[in-house]
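# Sequence first, then the predicted structure, then my questions.
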Amino acid sequence: MHTVRIFLLAAVLSGGSADSSRKLSVLVGTDVTVSCLFDALNQLVEWSALTVEWNMVDKHAQKNMVYTFEDGKAHVSRDNSVVDRNGLLRSNASLLLRNVTVADEGLYTCRVITPVVHIESTSLEVLARPSVLLPEKAAVIEGEEKTILCDITGFYPEKLAVTWYIQNESHIVQAGSSPLSHVCTEMAVNNPDSTFNIRSSITLHSSAVKSGGIKIICQVDHSTYISPYSKSVTLTLQGKFT
């Protein structure tokens, strides 16, 4: 059997190791590459002399092994995680994570032994953008109240703010500031995939609605938005049935 060798070009670090840390953000369902570029020996090295270890400490402080490369063989603990074997020839032990989930959030540490030890850490933040559902149109019967629901689903992290506004032509006021409107936002509910759902509602009395109708705005503020995201519904006045 022929011995497979790697020709490593970079110079040996004087201290024998490198330590760096960075932060990376990624959306749920996408792929991400966690970087690990090491300084290699300037001599021929056998596969058996190269060890790569990737571990992750999650938000519960639990340490998990993700990927190891040892004695020329890869051992994958997290499905759909890859270190490019050819990349190792270029001193690149970066980790590719496919189809990221909330469970992948944590501190990733790459440890490469050539036999020089290289350690590199990256904090991976996982984000899931909310889906906001609001009816386009609604009507309130004269003399009665109408409740409109803003359904916000599949977001992460949990921190999220909902604000309601009432727009009458060009005049906009925050809802809930008068007895004619009432806002209720429930506690966030955790989904099986660790994302969250939340429901917020506004109840208005018909006397708050002008004859031409008003616009009700549900504004959502979340870390996945550069600026708050808004959806609106037109609320019209409907006469009583005879």
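Perfect, thanks for sending it.
# what residue is smack in the middle of this protein?
In the chain, the C-alpha nearest the mean C-alpha coordinate belongs to L127, at 0.9 Å (C-alpha atoms, centre = their mean).
# Read off the pLDDT value for S121.
S121 is assigned a pLDDT of 95 by the prediction.
# Could you do the one 10 residues further on as well?
S131 is assigned a pLDDT of 96 by the prediction.
# In this structure it contacts T195, no?
No - using C-beta atoms under 8 Å, S131 is not in contact with T195, being 9.9 Å away. C-beta: built from backbone N, CA, C; applies to glycine.
# list residues touching both of these two?
By C-beta atoms under 8 Å, 6 or more residues apart in numbering, S131 and T195 have these common neighbours: 153-155.
# ok, and the most crowded of those?
F155 (25 neighbours; other C-beta atoms under 10 Å).
# in the sheet, who's paired with it?
Beta-bridge pairing for F155 (DSSP bridges): F196.
# got it, and the one 10 residues further on?
In this structure, Y165 has beta-bridge partners Q174, I217, where bridges are defined by DSSP bridges.
# looking at this protein, which helix or strand is least sure?
Least confident helix or strand of the chain, by mean pLDDT, DSSP states H and E, is strand 5-7 with a mean of 31.
# Pretty sure A103 sits in a helix.
Yes - counting by DSSP: H, G, I helix; E, B strand; the rest coil, A103 is part of a helix.
# excluding its backbone neighbours, what's nearest K63?
Once flanking residues are discounted, K63 sits nearest to V57: 5.1 Å by C-beta to C-beta, 6 or more residues apart in numbering.
# er, N64 I mean
Nearest residue to N64 in three dimensions, chain neighbours excluded: M56, at 5.1 Å (C-beta to C-beta, 6+ apart).
# wait, what's in contact with the nearest residue to L180 once chain neighbours are set aside?
Leaving aside its chain neighbours, L180 sits nearest to A208 (3.8 Å; criterion: C-beta to C-beta, 6+ apart). Neighbour list for A208: 166, 178, 180-181, 214 [criterion: C-beta under 8 Å, 6+ apart].
# quick one: which of those is nearest I226?
I166 (24.9 Å; C-beta to C-beta).
# picking up where we left off before, which one of S131 and T195 has more residues nearby?
Ranked by neighbour count (other C-beta under 10 Å), S131 and T195 place T195 first, with 22 against 12.
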